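Engineer: Fold the following and give me the result.
(chains A, B, C and D)
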Protein chains: 2
Amino acid sequence: MDRGAFLEAFEKAKAARELLVVACDCEITYSGRAEAFLPRGERLIVMKQDGVLLVHQPENGNPINYLKAGGDITLEKYEGHLMLRGKHAAQKEFLDIEIFTVHDGFHRKLEDGGKQTLLGSEADMSDSIRDNPSLIGPDFKPISREEQTAVGFVDVFGHDGQGNLVVIECKRYTAGLDAVSQLHRYVEKVKQVKGTKNVKGILASPKITGNALEMLKSYGYDWRDVHPPKRHERHAKSQKHLGEF
Amino acid sequence: MDRGAFLEAFEKAKAARELLVVACDCEITYSGRAEAFLPRGERLIVMKQDGVLLVHQPENGNPINYLKAGGDITLEKYEGHLMLRGKHAAQKEFLDIEIFTVHDGFHRKLEDGGKQTLLGSEADMSDSIRDNPSLIGPDFKPISREEQTAVGFVDVFGHDGQGNLVVIECKRYTAGLDAVSQLHRYVEKVKQVKGTKNVKGILASPKITGNALEMLKSYGYDWRDVHPPKRHERHAKSQKHLGEF
DNA sequence: TACTACATCTCGCAT
DNA sequence: ATGCGAGGTGTAGTA
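Structural biologist: Have a look, this model is predicted:
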């Protein structure tokens, strides 16, 4: 793909708000929330239909450089080659891509109204606990789930039928020190707002690190081994549930 | 691009570990850390040279689906169209992309040994404080920075010359409740390890939320308005520094 | 490997 | 717009 063809392709793509993809040899400067420089090399550049700009190196999952939607992207001749400039006035940032050689590329309008459905999130986990409180303990009675009460974002909130409030924080992966700190914050807040010291803290996750468990115990909280639900597990649970009747 | 050409392109790209890019109409199923389904629509699929697989919708910055390097990717005929399968045995996850129509695409070996240099990270910020302790206060004396001591990950550690140890947590953006919790964890750890109660906590960030400031004060800690360094600021600082001699 | 914390985090949701 | 927390977070650094 020669320079003229790419300039033309870019203008068409920009005007029609099409996806533009190009493999090229380039050098990149970013300035905004930080400052960055990437010396010359071959990368994949993607301009999406909403103005998102991505630069991918040939390995690793994340873009090495990017600009969010809402900026302005231009392509112009620059000292014998090309300069692709992304400017985001609102955020005072820019991404300058000096393009030396354009290898391959295309542009096209993509039609996609699809929304992904996802099962196994932390929200699904707190749903699961609310619907199956015995996962926490035989006496646990859920009151609310992910409710925006005066105490803030508590994943599951309940009581134990023995005069204690119970605050549960869920993590869908290994719980670390940060999760314990978060739980502690919620428990302290509940104690303050409800004006009681009878508040138990429970961390529910499929795993917990050693240091986190130690810190959890030092606060007097407990850990429960709970996994985020998946389809087959939910299915198995439904069967068991049906069997109970 | 017809089906046969894409099958051939895929096999060449896979064998030579080349970048493969394709715009297509597809339907996607993921199972692994969670379970997800994305109904039919037009997307951009990228297979990188290390086996990373990305699916981008025409808008938004993040891939809607992906697989990390280390898995196996195959393309085969499937019920009259194509199935691109990524399997990651180690992580027990798979990404199945049923491709109905291939629109555009190319494959190419990209040569890129470039590493990005970046200024303005949190590490740069703690460097800046160590080199310029007056950013914290006239009496602050830094001792260590990001050192892995018995106290753990403390961004900047020092004393105030008045018998108090000082723990500083840096955030390059607005500090929230999580940052205060983190600082609190470090201060408590230092008190415990050093066997003293004379430990001050300081949160250094360009901004802090109201609730975070309130929580910070309730612990008796302080906030300092510090910005992550940028090139021109560092330049200005160097000039000032030179001027001091 | 496990653990920890950063990230130009991004994204959605609620106030 | 800001605050807050999740994320299939990813990634780097260290023990």
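Engineer: Every contact and neighbour count from this point should use C-alpha atoms.
Structural biologist: Fine.
Engineer: Select the longest helix from chain A.
Structural biologist: helix A:177-194 (DSSP state H).
Engineer: Would you indicate which residues of that helix are buried?
Structural biologist: A:177, A:179-188, A:190-191 (16 or more other Cα atoms under 10 Å in any protein chain shown).
Engineer: Rounded mean pLDDT for that helix, please.
Structural biologist: What helix A:177-194 shows for mean pLDDT is 96.
Engineer: For my notes, confirm A:E11 occurs in a strand.
Structural biologist: No - going by DSSP: H, G, I helix; E, B strand; the rest coil, the assignment for A:E11 is helix, not a strand.
Engineer: That one: how many residues sit nearby?
Structural biologist: Using other Cα atoms under 10 Å in any protein chain shown, the number of residues around A:E11 comes to 14.
Engineer: thinking again about what came up before, spatially, which two of the buried residues of helix A:177-194 are the most separated?
Structural biologist: Pairwise distances across these peak at 21.1 Å for A:L177 and A:K191 (criterion: Cα to Cα).
Engineer: rewinding a little: hey, C-alpha coordinates of the longest helix of chain A in CSV?
Structural biologist: C-alpha atoms of helix A:177-194 as CSV (Å, rounded to 0.1, in the frame of the first residue of the first chain):
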residue,chain,number,x,y,z
LEU,A,177,-4.6,-7.7,51.4
ASP,A,178,-6.6,-5.1,49.4
ALA,A,179,-9.8,-7.2,49.8
VAL,A,180,-9.3,-7.4,53.6
SER,A,181,-8.8,-3.6,53.8
GLN,A,182,-11.9,-3.1,51.8
LEU,A,183,-14.0,-5.4,54.0
HIS,A,184,-12.5,-3.7,57.1
ARG,A,185,-13.6,-0.3,55.7
TYR,A,186,-17.2,-1.5,55.2
VAL,A,187,-17.4,-3.1,58.7
GLU,A,188,-16.1,0.1,60.3
LYS,A,189,-18.6,2.1,58.3
VAL,A,190,-21.5,-0.2,59.3
LYS,A,191,-20.5,0.0,63.0
GLN,A,192,-20.5,3.7,62.8
VAL,A,193,-23.7,4.2,60.9
LYS,A,194,-25.7,1.6,62.8
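Engineer: give me the subset of the buried residues of helix A:177-194 touching chain B.
Structural biologist: A:S181, A:Q182, A:R185 (Cα under 8 Å from any Cα of the partner chain).
Engineer: Which one of these is nearest to B:R130?
Structural biologist: A:S181 (27.2 Å).
Engineer: Now do the closest one against A:L203, distance only.
Structural biologist: A:S181 sits 11 Å away from A:L203, going by Cα to Cα, to the nearest Å.
Engineer: Neighbours of the closest residue in space to A:P229 that isn't next to it in sequence, how many?
Structural biologist: Distance criterion Cα to Cα, 6 or more residues apart in numbering or on different chains; nearest residue to A:P229, sequence neighbours excluded, is A:G120 at 5.1 Å. Other residues near A:G120 come to 19 when the count uses other Cα under 10 Å.
Engineer: quick one: contacts for A:G120?
Structural biologist: With contact taken as Cα atoms under 8 Å, 6 or more residues apart in numbering or on different chains, A:G120 is in contact with A:R172, A:P228, A:P229, A:K230, B:R33, B:A34, B:E35.
Engineer: so where's chain A uncertain?
Structural biologist: A:148-151, A:231-245 (pLDDT under 70).
Engineer: one more time with 80
Structural biologist: Applying pLDDT under 80 to chain A picks out residues A:89-91, A:147-152, A:231-245.
Engineer: Against A:R172, how distant is the residue nearest the centre of it?
Structural biologist: With distances taken as Cα atoms, centre = their mean, the residue of chain A nearest its centroid is A:S121 (11.1 Å). For A:S121, the distance to A:R172 equals 7 Å [Cα to Cα].
Engineer: shared neighbours, those two?
Structural biologist: With contacts defined as Cα under 8 Å, 6+ apart, the residues shared by A:S121 and A:R172 are A:P228.
Engineer: DNA strand D contacts on chain A?
Structural biologist: Neighbours of DNA strand D within chain A, by Cα under 7 Å from any atom of the strand: A:60-62, A:121-123, A:152-153, A:169-173, A:182.
Engineer: from those, which ones fall inside strands?
Structural biologist: Mapping the residues of chain A next to DNA strand D onto strands (DSSP state E) picks out A:G152, A:F153, A:E169, A:C170.
Engineer: Test my guess that the second one contacts A:S144.
Structural biologist: If I follow you right, that is A:F153. No - checked against Cα atoms under 8 Å, the pair A:F153 and A:S144 is beyond contact range at 10.8 Å.
Engineer: Next one: the residue nearest to A:P229 relative to A:V55, how far apart?
Structural biologist: 31 Å.
Engineer: just A:P229 next, same as before
Structural biologist: 35 Å.
Engineer: The two: which has the busier surroundings?
Structural biologist: A:P229 (23 against 20).
Engineer: By proximity to DNA strand C, which residue of chain A wins?
Structural biologist: A:N65 (3.1 Å; Cα to the nearest atom of the strand).
Engineer: Tell me who's in contact with that residue.
Structural biologist: Taking Cα under 8 Å, 6+ apart, one finds A:Y30, A:L54, A:V55, A:H56, A:L95 in contact with A:N65.
Engineer: Which strands border the helix or strand harbouring the second one, and is each parallel or antiparallel?
Structural biologist: The reference is to A:L54. Counting by DSSP states H and E, the element that carries A:L54 is strand A:53-56. Strand A:53-56 pairs in its sheet with strand A:35-47 (antiparallel), strand A:65-67 (antiparallel), by DSSP bridges.
Engineer: Reformat the ones you listed as a markdown table; add distance to B:A5.
Structural biologist: Listed next are the strands paired with strand A:53-56 as a markdown table, based on distance: least, Cα to Cα, whole Å:
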| stretch | distance to B:A5 |
| --- | --- |
| strand A:35-47 | 21 |
| strand A:65-67 | 31 |
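Engineer: State the phi and psi torsions of A:G113.
Structural biologist: Backbone torsions for A:G113, taken as degrees, to the nearest 10, come to phi -100, psi 10.
Engineer: roughly how far apart are the residue lying farthest from the centre of chain A and chain B?
Structural biologist: Largest separation from the mean C-alpha position in chain A: A:G80, at 40.9 Å (Cα atoms, centre = their mean). Look at A:G80 and chain B: by Cα to the nearest Cα, to the nearest Å, they are 22 Å apart.
Engineer: same thing with A:V190?
Structural biologist: 14 Å.
Engineer: thought that residue was touching A:V199?
Structural biologist: Yes - look at A:V190 against A:V199 with Cα under 8 Å: they come within range, at 7.4 Å.
Engineer: wait, what's in contact with A:S144?
Structural biologist: A:R130, A:V156, A:F157, A:G158.
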